[in-house]
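>>> Sequence and predicted structure are below.
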2 protein chains.
Amino acid sequence: MNVATLCLGILALGDASGYEIKKRFDGPLKRIQQPSFGSIYPALTELTREGLVSCTVHAQEKRPDKKVYSITPAGRAHLKAALQESLPAPDRIHSDFLATMLFSDMLSPDFVARAVKDRIAFYRDMVDHTQCEHPSDAYSGGRAFVHGYARAVCSAAIAYLEAHAAETRQAAEDLRERRSSDATHATQPGDSAP
Amino acid sequence: MNVATLCLGILALGDASGYEIKKRFDGPLKRIQQPSFGSIYPALTELTREGLVSCTVHAQEKRPDKKVYSITPAGRAHLKAALQESLPAPDRIHSDFLATMLFSDMLSPDFVARAVKDRIAFYRDMVDHTQCEHPSDAYSGGRAFVHGYARAVCSAAIAYLEAHAAETRQAAEDLRERRSSDATHATQPGDSAP
DNA sequence: GTCCGCATGTAAGTAGTTACATGATTCA
DNA sequence: TGAATCATGTAACTACTTACATGCGGAC
């Protein structure tokens, strides 16, 4: 799904400016996509050109005019058709964290421990802040579903990470012990050791 | 993390060809990244040029020579440094499925139900096939961690999806009832209904 | 008899990101 | 004093995906 379709969907949930659309993806919706201003603004311009959204300019002093977009009936029809054209494609994930963990055997245990701790904090933040919605927004079953999904998955991740943080720390201590033991016995550490 | 670093990491876990590297990301490792041949082969060429990997050609009849890559000591050093340069960046996720669910209120309930069912089947497949590892591979704590993580998160997703599939179906039935009720009473369905 | 697996590679195309430009206001 | 929030927009750049080229062997 491209950024234009995504913006169209957000506007189907309620009017918004480009800036506000971006903010929506700071919360649990960041599990969907995290579009940048550089992709949102051109997408909105293009959607307007195609007549799928309309734009109302609210003049503001001392800052650029705020442009609030609304989805048009044509936009709604287009969105429905686009979404139902085929079943959603598989997720595309880029997780540097999991890559780091995959290669963790060759990294400093302290570094790995820090990465895990960081990740737990990140997920905890997500879970704690997910319950609150903008009270101004109309209830959306879809939003409730996605929020609930994010909470469920993040909670599971926290549980797994906490259960295995101990193991990671244990591995770190084992390694330190082995190293000091090597040093005591004055053996040469190296790849070709017996 | 770019594809080159990722390939370097895989080679740190054991020698492999480009084709084999790609296959590794078909299983639970697809939660890290899913690089295509079009990015893997050029990355491998570049890594060789930089001396971070070496390449052994195994001649084969009736198909292109198989090029098996090995990480060099320089490659190992480079990988460690690259990974530990900073804490892993946040995940970047593109989930058309969650986007579809976010906008599900305006979609055909049958379509939504199919999408959910599909997703459950996908995760179930992942969980069921994750336990088996190549027995030829050396044990890797990192790999065990990532496999376990994938299992934990997918299981949580399945549980959430199954718990809410019923709700989705209920919503679908409610909508059908309301529609037939509207038809019976011969009211005009429309946005401006009271 | 057609599709999948094996096996490598290139080139064109796309869809994004990053960085910049501009600038008042408020909070630590 | 410095950073974050609000607010829009453009242009250069990057890094990837898709499609193509090539072709045998085996499974269904």
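Noted; the coordinates are in hand.
>>> drop to CA atoms for contacts and neighbour counts, all remaining ones
Noted.
>>> Distance from the chain centre to stretch A:79-88, please.
23 Å (CA atoms, centre = their mean, to the nearest Å).
>>> Next one: it, is it in contact with chain B?
Yes - Stretch A:79-88 lies within reach of chain B by CA under 8 Å from any CA of the partner chain, at A:Lys80, A:Leu83, A:Gln84, A:Leu87, A:Pro88.
>>> Only whichever of these are buried, select them in PyMOL.
In PyMOL, this line selects whichever of the residues of stretch A:79-88 next to chain B come out buried by 16 or more other CA atoms under 10 Å in any protein chain shown:
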select buried, chain A and resi 80+83+87+88
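>>> so can I have TSV of the residues of stretch A:79-88 next to chain B showing pLDDT and secondary structure?
Listed next are the residues of stretch A:79-88 next to chain B as TSV, based on pLDDT from 0 to 100; DSSP: H, G, I helix; E, B strand; the rest coil:
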residue	pLDDT	secondary structure
A:Lys80	97	helix
A:Leu83	97	helix
A:Gln84	96	helix
A:Leu87	96	coil
A:Pro88	97	coil
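>>> between the residues of stretch A:79-88 next to chain B, which is nearest A:Tyr123?
Of all the residues of stretch A:79-88 next to chain B, the one with the least separation from A:Tyr123 (CA to CA) is A:Pro88, at 25.3 Å.
>>> That closest one against B:Met101, yeah?
No - at 9.7 Å, A:Pro88 and B:Met101 do not qualify as touching, with contact defined as CA atoms under 8 Å.
>>> Tell me the one of the residues of stretch A:79-88 next to chain B nearest B:Leu107?
A:Lys80 (6.4 Å).
>>> Check the spatially closest residue to that closest one that is not a sequence neighbour and give its pLDDT.
Nearest non-adjacent residue to A:Lys80, counting by CA to CA, 6 or more residues apart in numbering or on different chains: B:Leu107, 6.4 Å away. On pLDDT, B:Leu107 comes in at 95.
>>> Out of the residues of stretch A:79-88 next to chain B, which comes closest to chain B?
Nearest to chain B among these is A:Pro88, at 5.1 Å by CA to the nearest CA.
>>> Now do the strands in chain A.
A:53-58, A:66-71, A:92-94 (DSSP state E).
>>> Just the angle for the first one relative to strand A:66-71, thanks.
Interaxial angle of strand A:53-58 relative to strand A:66-71 (axes from the mean of the first three to the mean of the last three CA atoms, to 10 degrees): 150 degrees.
>>> quick check, strand A:53-58 touching DNA strand C?
No - Strand A:53-58 stays clear of DNA strand C (CA under 7 Å from any atom of the strand), getting no nearer than 14.9 Å.
>>> burial count for A:Ala59?
A count of nearby residues for A:Ala59, using other CA atoms under 10 Å in any protein chain shown, gives 11.
>>> Now distance to DNA strand D too, for the strands of chain A, in CSV please.
What follows is the strands of chain A, written out as CSV (distance: least, CA to the nearest atom of the strand, whole Å):
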stretch, distance to DNA strand D
strand A:53-58, 8
strand A:66-71, 4
strand A:92-94, 8
